[in-house]
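*Asks:* just to be clear, the model below is a prediction. Sequence and coordinates:
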Amino acid sequence: MITVREPYFIDILSLLAVLPADEVEQYEAFTGVEFEHQDAAARAWLSTELRWAAADEKGPLVVGGYVRMRPGVFQSWYIPHPRVWEDKDIGRPITRATRKVIQGMLTSGTAHRLETVVLSSRTKAQTWYPMIGLKYESTLPRYGAHGEDAAMYVALRENT
């Protein structure tokens, strides 16, 4: 059974220890530093006000978080275990949980804009974003530390 809960630091640390190569490439492009999982875990833990985790009996499956960019605007980070992409019995409930977190942040008034930035080369991740309620907004040419292109996906609170 998959449960959504508050994350522990060890969740982030253990997920970063098995981070896939394309995620490592993105980390390095967006931070400008060489990936080292202990350092990346500390950065994620210390820079984030809002975090959540999902786990099963084998351990953490995903930890996600949002960094406040300015009032009402947050940018996401997301660390999935490789099993999330490989096993549909895990991927589907994680997709639902992620969509629920996004919707909750918007409907609660916590955020009016949630942003996700992804390397343009990470097409598999980009096919998943509409499933969790994100819409493509723009291409960010030469956004990365070494000139890599990126894409911006957003979820917006509807005006009421």
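*Replies:* Right, received. Where do you want to start?
*Asks:* from here on, just use CA atoms for contacts and neighbour counts.
*Replies:* Fine.
*Asks:* in the chain, what secondary structure element scores lowest on mean pLDDT?
*Replies:* helix 82-86 (a mean of 92; mean pLDDT, DSSP states H and E).
*Asks:* for beta bridges, what are the partners of the spatially most central residue of the chain?
*Replies:* Nearest to the geometric centre of the chain sits Tyr78, at 2.2 Å (C-alpha atoms, centre = their mean). Counting by DSSP bridges, Tyr78 forms beta bridges with Gly64.
*Asks:* spit out the contact partners of it.
*Replies:* Residues near Tyr78 by C-alpha atoms under 8 Å, 6 or more residues apart in numbering: Val62, Val63, Gly64, Gly65.
*Asks:* for this structure, which spans come out with low pLDDT?
*Replies:* Along the chain, segments meeting pLDDT under 70 span 160.
*Asks:* how about the strands in it?
*Replies:* Under the criterion DSSP state E, the chain contains strands at 3-5, 50-56, 59-70, 73-80, 113-119, 135-140, 150-156.
*Asks:* so in that sheet, which strands flank the fifth one, and in what orientation?
*Replies:* To tie it back to what came earlier, the one meant is strand 113-119. Here, using DSSP bridges, strand 113-119 pairs with strand 73-80 (parallel), strand 150-156 (antiparallel).
*Asks:* residues making contact with that strand?
*Replies:* Counting by C-alpha under 8 Å, 6+ apart, 26, 72-77, 102, 106, 125-126, 148-157 sit against strand 113-119.
*Asks:* which of those residues are buried, as a PyMOL select command?
*Replies:* The PyMOL command for the buried members of those (criterion: 16 or more other C-alpha atoms under 10 Å) is given here:
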select buried, resi 26+73+74+75+76+77+102+106+126+148+149+150+151+152+153+154+155+156+157
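*Asks:* nearest spatial neighbour of Ser91, chain-adjacent residues omitted?
*Replies:* Ser isn't right for residue 91; it's Gly. Distance criterion C-alpha to C-alpha, 6 or more residues apart in numbering; nearest residue to Gly91, sequence neighbours excluded, is Val84 at 4.7 Å.
*Asks:* what's that neighbour in contact with, if anything?
*Replies:* Val84 sits in contact with Leu61, Val62, Ile90, Gly91, Ile94, where contact means C-alpha under 8 Å, 6+ apart.
*Asks:* ok, and the most crowded of the residues you listed?
*Replies:* The most crowded member of the contacts of Val84, judged by other C-alpha atoms under 10 Å, is Leu61 (26 neighbours).
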